[in-house]
Every structure is written in structure tokens, then in C-alpha cells.
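Novice: Structure for the following, please:
(one chain, ligands or ions: 1)
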Amino acid sequence: MRALSWQGNKLQLLDQTLLPVEKVILELDNYEEVAWAINTMQVRGAPAIGIAAAYGMVLAAQQGLTQDKSKFLSYLDKAKTELAETRPTAVNLFWALERMEKVWKANEDQSPEQLLALLEQEAKVIDSEDLAGNKKMGLYGSELVPHGARILTHCNAGALAVSGYGTALGVIRAAHEQGKNIQVFADETRPLLQGSRLTAWELMEDGIPVTLITDNTSAYLMKQGKIDLVVVGADRISSNGDVANKIGTYGVAILAKYHGIPFYVAAPTSTIDMSLKSGEEIPIEERDHDEVRKIGGVQIAPAEVKVYNPAFDVTPHELVTAIITEAGIIRPPFNEGLQKIFAK
Ligand code: MRU
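Specialist: Numbering: from 1, shown residues only. All right, here's what the predicted structure looks like:
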């Protein structure tokens with residue numbers, strides 16, 4: 001299952017706003033459409049946003065191709081700025097755009113055609129490194145999953161959110177592939193229902209046992225002793241181990257702590273932002289109020305009701321048992337563990 005793939009000179013995206021009812025593949029040939037797809041969440045999930053933006057820069061290079069090098073370079077700058085303005089929280093977006101920028105800054109003596117080829121190569125590397133990293137993360141994380149585990153997850157940190165395998169769902173996939181006889185409970189994840197529309201669908205496609213629950217059911221399940229561990233993804237992790245992830249994650253972490261259940265975060269190192277001291281510095285996106293007033297376009301609240309709709313929250317590091325990355329499992333104190341990974 002792939003959320004996105006580079007085909008010749010176009011970016012194909014599986015439109016995640018329509019899943020699981022319709023499977024529509026979009027074919028994008030310009031960076032403006034990629035920016036739109038990220039902003040409207042046709043492509044979503046921190047690593048997938050970064051990969052889409054990297055390919056968006058390749059499309060920008062195709063669009064801006066001209067003999068005049070300075071015009072070409074300023075076109076790339078403009079595209080980078082517009083792609084960076086699409087969503088503020090997932091750091092993978094900025095990480096990928098900066099990797100792409102390094103390529104054209106380091107090779108300014110090359111022709112626009114050569115730069116286009118180098119940018120395409122870099123975007124493909126970002127894409128394939130993510131996939132390889134997911135597989136590693138899955139293997140590390142599966143060591144934390146006991147046989148027969150009943151696992152709670154929130155939002156979608158699966159193949160649809162990355163290059164293809166998953167972070168939190170990568171850990172779950174690896175444990176399933178090892179024959180651990182696991183069961184997953186998926187929070188539906190209001191307002192946009194990534195849990196019911198995407199996680200439940202993705203796991204069912206792979207034959208991994210999944211039970212869908214409403215967001216307000218997890219406390220009751222934990223109280224009954226029916227959850228052995230929680231694993232979620234992340235959009236940005238600060239250097240002290242605070243974790244921004246889909247709204248509702250913080251509540252799940254508090255519930256896990258209260259019930260003595262391990263709370264794991266699976267994320268690639270591209271999601272770690274060592275420039276931030278704590279999660280308080282992470283910008284939290286607020287989205288359209290109709291996402292709360294409506295479900296699937298159907299109004300479920302007074303049309304004019306006041307709404308507060310933050311898309312993410314921050315789980316303080318004290319509530320996190322371990323962070324699973326492609327470079328290994330990091331346990332508290334996270335400051336030290338994260339620093340060691342980036343020192344390598
Ligand atoms: O708003 P979304 O759907 O992009 O939010 C996605 C999440 O919060 C995921 O848990 C996170 O990006 C990790 S994806 C591997």
C-alpha cells in the first residue's frame with residue numbers, strides 16, 4: 001500500500017480524504033497542486049507530507065526550467081516557501097524541504113537541467129530512506145510487543161502516513177509478521193476520523209485483527225485490563241522528548257499512565273526537532289471549524305456554533321515510556337538518548 005509514488009515526471013497520490021469509500025489516485029504535475037493536497041490532507045501523516053513536498057520541489061524544478069539560472073533558482077525558492085506554508089506542525093515537511101534546498105545550494109554551478117536531475121534523485125532517496133527506516137523501526141519496536149498483546153493506537157501512523165509500512169503501524173505489522181497473535185484497538189480519531197477511515201482499513205487489508213472504538217472508549221477498555229500497550233506516531237518531537245501528535249494523544253497518554261500501561265511513540269529521526277527545548281515551542285495547527293461541525297460533509301452541530309479545533313496536542317515526555325526510531329529504542333532521560341543519536 002502506497003500513499004504516494006513518483007511516476008515518470010508526475011506525483012501520484014491516493015486521495016486520503018475519500019478513503020475507505022473511494023480509492024481515487026490523483027496525478028499531480030505541478031507544485032501548487034502538491035501544496036493544495038498537503039493543506040487539504042489528500043496526503044497526510046508527517047513523513048508522507050515531507051516526501052510529497054520533496055517531490056513537489058521536483059515538479060517546481062520541471063515547471064521553472066529555463067536557461068536563465070537566476071530565474072530558475074528564484075522559482076525554486078518561491079515553491080519552497082509556498083510548500084512550507086501548507087501545514088505548520090509536522091517537522092518532516094521543513095526537514096525534507098531543507099534537504100532539497102541543500103541540493104540546489106551546494107550545486108549552484110550546475111545547469112538547471114542538471115539540478116532537476118539532482119533534485120529528483122534526492123527526493124527518491126528521501127522516499128526510499130523512509131521506507132527502509134520504517135522497516136528497522138518495526139523490528140526494534142516489535143521487541144516491545146509481547147505475544148498476544150492488545151494494542152491501542154490513535155490516528156493513523158501507518159503505510160498511508162509514510163512511504164509505505166508505517167511507524168506505529170510498522171511496529172504492529174512487524175509483530176504480526178512474527179506471528180505474535182496481536183490485536184489492535186483503533187481510536188476513531190475525531191474530527192477527521194483517521195482511525196476509522198484509514199487505520200481500520202489499512203489493518204483489515206493486511207489481515208491484522210482490529211477493533212474500532214470511539215475516542216471516549218479507551219479509558220473503559222484500560223480499566224477492564226484489556227490494553228497491554230499503546231503505540232502512536234508523532235508529528236514533531238522536541239529535544240527533551242515531548243511529543244506533538246494528533247489531538248487526543250495527550251489524553252490517551254494520561255490514561256495509560258494512570259492504568260500503568262506502557263506508552264510508546266514510534267517515529268523516524270526526521271520527526272525529531274533538536275532545535276526545540278520543549279514541546280511548548282511546537283507550533284500547533286488550528287484547522288477549519290467545519291471539520292468539527294460536520295462529519296463527511298454532513299452537519300452535526302449548529303451551523304454557527306463556536307468551535308475550537310487544534311489538530312495536534314503535546315504529550316509531555318514524563319508520560320512517554322520509550323521512543324522507537326530507526327536508530328534504536330530511546331528511553332528516558334530522552335535529552336541524553338536523543339543527543340547521542342544525533343551525535344553519530
Ligand atoms: O493531521 P494528520 O492526519 O496529518 O496527523 C497525522 C498524525 O498525527 C500521525 O500520528 C503522525 O503524523 C505520524 S504519521 C507516521
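
Novice: quick one: average confidence on whatever helix or strand M222 lives in?
Specialist: Secondary structure assignment for M222, by DSSP states H and E: helix 218-223. Helix 218-223 comes out with an average pLDDT of 98.

Novice: packing partners for that helix?
Specialist: strand 150-153, strand 183-187, helix 249-258 (3 or more CB pairs under 8 Å, 6 or more residues apart in numbering; DSSP states H and E). Any C-beta I mention is one placed from the backbone N, CA and C, and that applies to glycine too.

Novice: buried set for the longest one?
Specialist: In terms of neighbour count (16 or more other CB atoms under 10 Å), helix 249-258 has its buried residues at 249-253, 255-256.

Novice: Which single one of those residues is nearest to the ligand?
Specialist: Closest approach between the buried residues of helix 249-258 and the ligand, by CB to the nearest ligand atom: T249, at 7.4 Å.

Novice: Please spell out which residues along the host helix or strand of Q62 are buried.
Specialist: In this assignment (DSSP H and E), Q62 forms part of helix 46-63. Using 16+ other CB under 10 Å as the test for burial, helix 46-63 gives 46-62.

Novice: what does the helix or strand just after it rub up against?
Specialist: The element immediately downstream of helix 46-63 (helix or strand, assigned by DSSP H and E) is helix 69-84. The contact list for helix 69-84 (CB atoms under 8 Å, 6 or more residues apart in numbering) reads 31-32, 34-35, 38, 53, 56-57, 60-61, 63-66, 93-94, 97, 100-101, 104, 108, 111-112, 115.

Novice: Filter these down to the buried ones.
Specialist: Buried, going by 16+ other CB under 10 Å: 31, 34-35, 38, 53, 56-57, 60-61, 64, 93-94, 97, 100, 104, 112, 115, out of the contacts of helix 69-84.

Novice: Flag every residue of the stretch 51-200 of the chain that's near the ligand.
Specialist: 90, 155, 157, 161-162, 167, 194 (CB under 6 Å from any ligand atom).

Novice: Grab the longest helix from the protein for me.
Specialist: helix 112-142 (DSSP state H).

Novice: in it, what counts as buried?
Specialist: For helix 112-142, a neighbour-count test (16+ other CB under 10 Å) marks 112, 115-116, 118-120, 122-123, 126-127, 130-131, 133-134, 136-142 as buried.

Novice: Same check on stretch 175-182?
Specialist: Those would be 175-176, 182, for stretch 175-182 by 16+ other CB under 10 Å.

Novice: Now tabulate those in CSV and tack on pLDDT.
Specialist: Formatted as CSV, these follow (pLDDT from 0 to 100):
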residue, pLDDT
A175, 98
H176, 98
I182, 98
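
Novice: Serialize those residues to a markdown table and add fields for distance to Q224.
Specialist: Formatted as a markdown table, the buried residues of stretch 175-182 follow (distance: CB to CB, whole Å):
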| residue | distance to Q224 |
| --- | --- |
| A175 | 22 |
| H176 | 23 |
| I182 | 18 |
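
Novice: follow-up on the earlier one: quick check: what element follows the helix holding M222 along the chain?
Specialist: Taking DSSP H and E, what comes next after helix 218-223 is strand 229-232.

Novice: Just the closest residue of the chain to the ligand, please.
Specialist: Taking CB to the nearest ligand atom, the ligand has its nearest neighbour within the chain at G233, 2.8 Å off.

Novice: count of neighbours near the nearest residue to that residue once chain neighbours are set aside?
Specialist: Distances taken as CB to CB, 6 or more residues apart in numbering place A157 nearest to G233, at 2.6 Å, with adjacent residues excluded. A count of nearby residues for A157, using other CB atoms under 10 Å, gives 32.

Novice: Just confirm A157 contacts G166, I think it does.
Specialist: Yes: under the criterion of CB atoms under 8 Å, A157 makes contact with G166 at 6.0 Å.

Novice: Just the buried positions in stretch 304-315, please.
Specialist: For stretch 304-315, a neighbour-count test (16+ other CB under 10 Å) marks 309, 311-315 as buried.

Novice: pLDDT of it, averaged?
Specialist: Mean pLDDT, stretch 304-315: 98.

Novice: May I have that stretch as PDB, with CA atoms only?
Specialist: The C-alpha trace of stretch 304-315 is given here as PDB (Å, rounded to 0.1, in the frame of the first residue of the first chain):
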ATOM      1  CA  GLU A 304     -22.900  28.900  13.600                       C
ATOM      2  CA  VAL A 305     -21.600  27.200  16.800                       C
ATOM      3  CA  LYS A 306     -18.300  28.500  18.100                       C
ATOM      4  CA  VAL A 307     -15.600  25.800  17.600                       C
ATOM      5  CA  TYR A 308     -12.000  25.200  18.800                       C
ATOM      6  CA  ASN A 309     -10.200  22.800  16.500                       C
ATOM      7  CA  PRO A 310      -6.500  22.300  17.200                       C
ATOM      8  CA  ALA A 311      -5.200  19.400  15.000                       C
ATOM      9  CA  PHE A 312      -2.500  18.300  17.500                       C
ATOM     10  CA  ASP A 313      -1.600  18.300  21.100                       C
ATOM     11  CA  VAL A 314       1.700  17.800  23.000                       C
ATOM     12  CA  THR A 315       2.300  14.800  25.300                       C
END
